[in-house]
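**Student:** Fold the following.
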Amino acid sequence: MNSAIKPERANPWAALACAASIVLAAADCAALEVIPAQTLARQSGCLECHSVYQKKVGPAWKDVASKYHGEADANQKLYAHVTTGRNAKFDDGHEEIHPVVKTSDAKRVHNLVDWILALPVAAPVDVASAEKLAKQSNCLKCHTVGAKKAGPAWKDVATKYLGSVGAEDMLYQHVTTGRKAKFEDGHEESHPVVKSGDRDRINNLVNWILSLK
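**Tutor:** Below is the predicted model:
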């Protein structure tokens with residue numbers, strides 16, 4: 001049979017538009033200040049009800065981002081939500097006034113909003129800062145991103161924790177409190193703690209590990 005279907009010619013304008021959108025998205029992500037966004041979220045008490053990956057009292061921020069994704073006025077809506085004390089509806093049907101962020105600096109608020117809205121398409125972390133803290137804390141002695149050493153690969157850690165409610169809180173505790181780590185031969189040792197007292201840098205490291213696939 002000589003009935004092969006001829007492939008359609010590629011549309012150069014579509015390809016150009018696609019490339020342009022990727023460049024613009026990359027530029028937007030590069031403009032984000034990740035750790036300052038996380039700092040404002042913590043200072044405003046957002047972490048009591050939200051986390052990046054897991055639903056707590058409120059939805060996971062990745063789900064918030066997915067909800068707003070594609071809406072032309074997403075930024076304005078979310079900005080208003082975190083600054084004006086609008087009602088938030090809970091699973092049981094009751095409503096409460098959503099707390100407002102603890103700053104009057106519009107630039108800081110916009111950075112927080114941009115960070116949340118970038119979550120479906122961008123790494124929610126400052127990778128360089130996370131890698132620097134991991135190196136300073138000697139994490140690389142026992143871990144790598146993709147290969148098992150004395151400890152598991154961080155990709156496997158991400159797979160383990162992301163199926164659990166409160167994944168970020170559990171991993172944060174694991175790297176800050178010296179909990180016992182069990183090895184293949186059965187012995188246990190206290191897991192070293194990260195060499196930083198900066199909660200936002202540690203949260204960034206935790207979110208980086210959980211973002212690995």
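**Student:** in what helix or strand does the residue nearest the centre of the chain lie?
**Tutor:** Closest residue to the average C-alpha location of the chain: residue 124 at 3.6 Å, with C-alpha atoms, centre = their mean. Assigned by DSSP states H and E, residue 124 falls within no helix or strand.
**Student:** what residues are up against it?
**Tutor:** By C-beta atoms under 8 Å, 6 or more residues apart in numbering, the contact set of residue 124 is 34, 52, 61-62, 115, 118, 207, 211. Where C-beta positions appear, they are placed from N, C-alpha and C, glycine not excepted.
**Student:** Could you do residue 212 as well?
**Tutor:** 145, 154-155, 157-158.
**Student:** From the residues you listed, which land in helices?
**Tutor:** The helices, defined by DSSP state H, take in 154-155, 157-158 from these.
**Student:** Stretch 198-207: which residues count as buried?
**Tutor:** Neighbour counts over stretch 198-207 (16 or more other C-beta atoms under 10 Å) mark 200-207 as buried.
**Student:** What average pLDDT does that stretch get?
**Tutor:** Averaged across stretch 198-207, the pLDDT comes to 94.
**Student:** could you pull out the helices for this protein?
**Tutor:** Per DSSP H, the chain carries helices over the ranges 12-31, 34-43, 61-68, 74-83, 106-118, 127-136, 154-162, 167-176, 199-211.
**Student:** For residue 95, find the nearest of those.
**Tutor:** helix 74-83 (13.4 Å; C-beta to C-beta).
**Student:** helices or strands next to the closest one in the packing?
**Tutor:** Applying 3 or more C-beta pairs under 8 Å, 6 or more residues apart in numbering; DSSP states H and E, we find helix 74-83 packed against helix 61-68, helix 106-118.
**Student:** same thing but at 6 Å, please
**Tutor:** helix 106-118 (3 or more C-beta pairs under 6 Å, 6 or more residues apart in numbering; DSSP states H and E).
**Student:** just checking, what packs against the helix it packs on?
**Tutor:** Helix 106-118 packs on helix 34-43, helix 61-68, helix 74-83, going by 3+ C-beta pairs under 6 Å, 6+ apart.
**Student:** In TSV: the buried residues of stretch 198-207, plus distance to residue 169.
**Tutor:** Shown next, in TSV, are those (distance: C-beta to C-beta, whole Å):
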residue	distance to residue 169
200	15
201	16
202	12
203	10
204	15
205	14
206	9
207	12
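**Student:** out of the residues you listed, who's nearest residue 71?
**Tutor:** Nearest to residue 71, judged by C-beta to C-beta, of the buried residues of stretch 198-207 is residue 207 at 24.5 Å.
**Student:** Now the closest one. Nearest residue, chain neighbours left out?
**Tutor:** Leaving out its chain neighbours, the residue that sits closest to residue 207 by C-beta to C-beta, 6 or more residues apart in numbering is residue 125, at 4.9 Å.
**Student:** quick check: mean pLDDT across stretch 70-81?
**Tutor:** The pLDDT scores in stretch 70-81 average 92.
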